[in-house]
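**Student:** curious how this folds, go ahead:
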Amino acid sequence: NSLVQTHDRLRKLQKRCEQDKLLTGSLTESREKGLSDAEKLYENLQKSVESLSDILDKDQPILNEEEEELGAGSSGGLELWTKGEAEELSDWGPFDDEETWALYCDVPDFLTTVPIALLGISQEQQEAKKSSNLQKYGLDEDIAKDEEILSDTPNVQPSESESMPTELEEINEEAEDEEDAEVDKDTPHYKLMVLLDEELPELHSREKTDDLAEKFIVNHGSNKNSRKRLTKVLFHVPRTRLDLLPHYSRFLAVVDRVYDDVAAQVVRDLESQFHGYARYKKNINIESRMKNSRYIGELTKFRVAPPIVSLRALQRCLEDFSGANIDVACCILESCGRFLHRTKFTNSRVTSLMDTMMRLRKAKNLDDRHMTLIDFAFYNVSPPQNASLARSRAKVLPPFEAYIKFLLMDKLCPDEVSVSFVLKQLLRLP
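**Tutor:** Now for the predicted structure:
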């Protein structure tokens, strides 16, 4: 009994740790220490039970690990939304069609196709990265629902010393990069500059994005300074080029499967920038805020950014639900709200936040524009159920009314015979 109970507790703890890694990207020291202590206790207890069973010549207790795995009935990193039995089945998970699914899920893995000599990593690093990619982008175990996975995660906020980034700082950083423009065109430095400044802003399709990502990984990915320059370029997206955000996010998803330091840094910078903008009560730089929130939503759908990043951003807007925060909250829901709502282990948290938003909508005296934005974002994430069925359901008329409708709609024609017949039938009615 003690072995079985310890085994069950260990499995629950391991699942909770996996959920925390998916949400925050890492485990706290206390959680890692608790997991290692539980594993050591289970190993010692299992050895004791094995020796005791050999001495007494009895069978060991049967653990229900296989039954739980068979009962899970699902697989794949994030537990994606599946429709109910009464609805039509689909293979696209939380996405609506094959093209959208291909954009966000069909991402090439150059870690296994490109030789490690070109990647600049060792065999051990490649194996470690494969295991981390398997855990982040595709697990073989079921992720169970647990309300504590969101409440136990540490709320990482930027320090008070961080200030809102200004457009002048971005211009200065771009000017520093342009100082080295006059170089030999055959050098890797010049080729990298052309890739970042000319080819990257021209992305418009999945194929071109994947080809350019492969070009960077093969030719420049092994250089740490090149990856830093890429991080700056992908972070400083022009606020008027919202069409680049899905392609830049896919570019980051491809590179993140090979190198750890690019996408993680962009996500940290975006989150710090979001909370830096949120400190200012005035409606300044609203376009930059909208670009930032949409960028975070795109990275969430590519599973580059943990879902907790978008949830914290939405929670921050709901704490002061007025002015530009309403626009930003609706932008987050329109960007990744449907994905989070259709993902199993974030569905309850998103539903709770949307209910809070609708209560604030009723309690506050908002203008018509904000009311329309909130309604559109809410019903875009969670459309009303059975609305189409209610509209399409035919009204059942009594026999008397049905006969009158039959006469007027079906029998009546623009000729004397038809008019005479319908008129006689109507005169005979009681």
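**Student:** what is the helix or strand containing residue 314 packed up against?
**Tutor:** Assigned by DSSP states H and E, residue 314 belongs to helix 307-319. Applying 3 or more C-beta pairs under 8 Å, 6 or more residues apart in numbering; DSSP states H and E, we find helix 307-319 packed against helix 2-24, helix 263-278, helix 286-301, helix 324-332, helix 338-341, helix 347-363. Placement of C-beta: from N, CA and C, glycine included.
**Student:** now it: average pLDDT?
**Tutor:** Per-residue pLDDT over helix 307-319 has a mean of 93.
**Student:** ditto for stretch 198-214
**Tutor:** Stretch 198-214 carries an average pLDDT of 90.
**Student:** what mean pLDDT does stretch 276-284 have?
**Tutor:** For stretch 276-284, the mean pLDDT works out to 75.
**Student:** would it be right to say that residue 406 lies in a helix?
**Tutor:** Yes: secondary structure of residue 406 (DSSP: H, G, I helix; E, B strand; the rest coil): part of a helix.
**Student:** list the contacts for it?
**Tutor:** Not one residue lies near residue 406 by C-beta atoms under 8 Å, 6 or more residues apart in numbering.
**Student:** how much space is there between it and residue 423?
**Tutor:** Residue 406 is 15 Å from residue 423, where distance means C-beta to C-beta, to the nearest Å.
**Student:** also residue 337?
**Tutor:** In terms of C-beta to C-beta, residue 337 sits 59 Å off from residue 423.
**Student:** more crowded one of those two?
**Tutor:** Higher neighbour count among residue 337 and residue 423: residue 337, with 25 against 12, using other C-beta atoms under 10 Å.
**Student:** go through the helix holding residue 314 and flag the buried ones.
**Tutor:** Within helix 307-319, the residues scored as buried using 16 or more other C-beta atoms under 10 Å are 307, 308, 309, 310, 311, 312, 313, 314, 315, 316, 317, 318.
**Student:** ok, stretch 244-260 next?
**Tutor:** Counting neighbours by 16+ other C-beta under 10 Å, one finds that the buried residues in stretch 244-260 are 244-259.
**Student:** just those residues now: which is nearest residue 34?
**Tutor:** residue 256 (28.6 Å; C-beta to C-beta).
**Student:** Provide a list of residues in contact with the closest one.
**Tutor:** For residue 256, the contacting residues are 262, 263, 264, 304, taking C-beta under 8 Å, 6+ apart as the criterion.
**Student:** okay if I get those residues as a markdown table plus distance to residue 429?
**Tutor:** Shown next, in a markdown table, are the contacts of residue 256 (distance: C-beta to C-beta, whole Å):
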| residue | distance to residue 429 |
| --- | --- |
| 262 | 80 |
| 263 | 75 |
| 264 | 78 |
| 304 | 71 |
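**Student:** between these, which has the most around it?
**Tutor:** Most surrounded of those: other C-beta under 10 Å gives residue 304, at 26 neighbours.
**Student:** hang on, that residue in a helix?
**Tutor:** No: going by three-state DSSP, the assignment for residue 304 is coil, not a helix.
**Student:** right, and it touches residue 252 too?
**Tutor:** Yes: Residue 304 is in contact with residue 252 according to C-beta atoms under 8 Å; the separation is 5.4 Å.
**Student:** between these two, which contacts overlap?
**Tutor:** Joint contacts of residue 304 and residue 252 (C-beta under 8 Å, 6+ apart) are residue 263.
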